[in-house]
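This is a predicted model, with the sequence first.
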Amino acid sequence: MLILSGSNLSFMERELNDKQSPLYKRTTLKMKINKLPFDEAILFLQNYSNEDKMKFLCMFGEYPYYLSKIDNNLSFEDNVKHLLFNENSILLDVPKLVLSNSSREQGFYNSILLALAGKKKGLTEISTLMNEETTKVNKYIKTLIDAEIIIKKEMFNSQRQTYYYIVDPILRFYYKYLLKNIDKIDSIKILKQFQKIDILLILNGINTAVIIEDNWYKEHIKDGDASINMEYSAIKEALLHFDDLALTGGILYVNDVPAAMTIASYINDDTVDIHFEKCIGEYAAAGGYAAINQMHAEALKNVIYINREEDINIPGLRKAKESYHPKIMLKKYSAAEK
């Protein structure tokens, strides 16, 4: 006898319902762990007042997994902070654990749940917001309904309408409130991975910056972008004449291993211009750019403004720079002789 247990939607769907799966149509029993009855759910909350019990059930629902994470030694408010606003919170990973291992499918489920986060919506409205065909969206909606993450309701007024809304309270809270602020929580987690930043003042630091740039160049030259060669030459030249150009900067370390570097210069006493930032390997994916940006800014003394320079019409770079909520964005003009 084989017992297959899991909460990842795409995995269970693939292993049990895909015609190519060896388990297709071979299951004898399917069991779903549902929400607990009210009288069983409150057994997790015996140390709390009736008012707090209602708060917990409104926040976490009658789901055994969520209720099992509650620390009875903490107040309701402290439990919420610990479980949802802590950088090490396991509940922040719930969408990824429940929905899909595939980044493509995860993105699709995210789009549906984001569309439903504010209010209930119908299939056509969700598909329009996602710019996808209704047949494709409907397939994923059915999976979410089967998993009891969203429910389908019919409303009768002047015309019959079908709409969906998120029933899982943690996912509803996550998509309505947390997701748009997740960078503030993630930034805490990211910064704890990075050990220190050394300001680029001595020869050893400059040599380390050269090594980081060489490694970054080797990682990206295969992309075939000619501008990478030009930038590489400019950075090597800047590091070679570091003192002559009155440059400053920093090296970011993880467990004493150099992970990222930045090169900057003072425009005046209170303004610094960031010329280059490079982060290598796995450290880039782990948030190295955000870390060196923040830690370098904190290391600069008596600086009020930091010029992040232009986005050179790269949408991703523009979005990243706008996420820092700049004090001012200067317009750039081109002049041409008639």
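On my side now, so go ahead.

CA only for contacts and neighbour counts going forward, please
OK.

Please, where are all the strands along the chain?
150-156, 160-166, 196-199, 247-254, 257-268, 271-279, 305-307 (DSSP state E).

Leu116 is nearest to which of these?
With Cα to Cα as the criterion, Leu116 lies closest to strand 160-166 of the strands of the chain, at 5.8 Å.

Let me have the strands of the chain in JSON lines, extended by mean pLDDT, distance to Ser334 and mean neighbour count.
As requested, the strands of the chain are exported to JSON lines (pLDDT from 0 to 100; distance: least, Cα to Cα, whole Å; neighbours: other Cα atoms under 10 Å):
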{"stretch": "strand 150-156", "mean pLDDT": "82", "distance to Ser334": "51", "mean neighbour count": "14"}
{"stretch": "strand 160-166", "mean pLDDT": "83", "distance to Ser334": "49", "mean neighbour count": "17"}
{"stretch": "strand 196-199", "mean pLDDT": "60", "distance to Ser334": "36", "mean neighbour count": "19"}
{"stretch": "strand 247-254", "mean pLDDT": "86", "distance to Ser334": "28", "mean neighbour count": "22"}
{"stretch": "strand 257-268", "mean pLDDT": "90", "distance to Ser334": "23", "mean neighbour count": "20"}
{"stretch": "strand 271-279", "mean pLDDT": "91", "distance to Ser334": "21", "mean neighbour count": "19"}
{"stretch": "strand 305-307", "mean pLDDT": "89", "distance to Ser334": "20", "mean neighbour count": "17"}
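
what's the closest of those strands to Glu298?
strand 196-199 (9.9 Å).

if we compare the strands of the chain, which one ends up closest to Tyr232?
strand 271-279 (10.4 Å).

what distance separates the closest one from the centre of its chain?
What separates the centre of strand 271-279 from the centre of its chain is 24 Å, taken as Cα atoms, centre = their mean, to the nearest Å.

do stretch 290-306 as well
Distance, centroid of stretch 290-306 to centroid of chain: 22 Å (Cα atoms, centre = their mean).

can you pull the buried residues of that stretch?
Neighbour counts using 16 or more other Cα atoms under 10 Å place 290-293, 295-296, 300, 305-306 of stretch 290-306 among the buried residues.

and what of stretch 140-149?
For stretch 140-149, a neighbour-count test (16+ other Cα under 10 Å) marks 140-141, 143-145, 147-149 as buried.

Apart from its chain neighbours, what residue comes closest to Leu239?
Closest residue to Leu239 apart from its sequence neighbours, by Cα to Cα, 6 or more residues apart in numbering: Ile206 at 6.6 Å.

what about the one you found, how many neighbours?
Using other Cα atoms under 10 Å, Ile206 is surrounded by 22 other residues.

Hmm, it is touching Glu237, no?
No: here Ile206 lies out of contact with Glu237, judged by Cα atoms under 8 Å, at a distance of 11.8 Å.

Same list (the strands of the chain) but as CSV, adding distance to Gly122.
Listed next are the strands of the chain as CSV, based on distance: least, Cα to Cα, whole Å:
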stretch, distance to Gly122
strand 150-156, 9
strand 160-166, 4
strand 196-199, 50
strand 247-254, 48
strand 257-268, 47
strand 271-279, 44
strand 305-307, 45
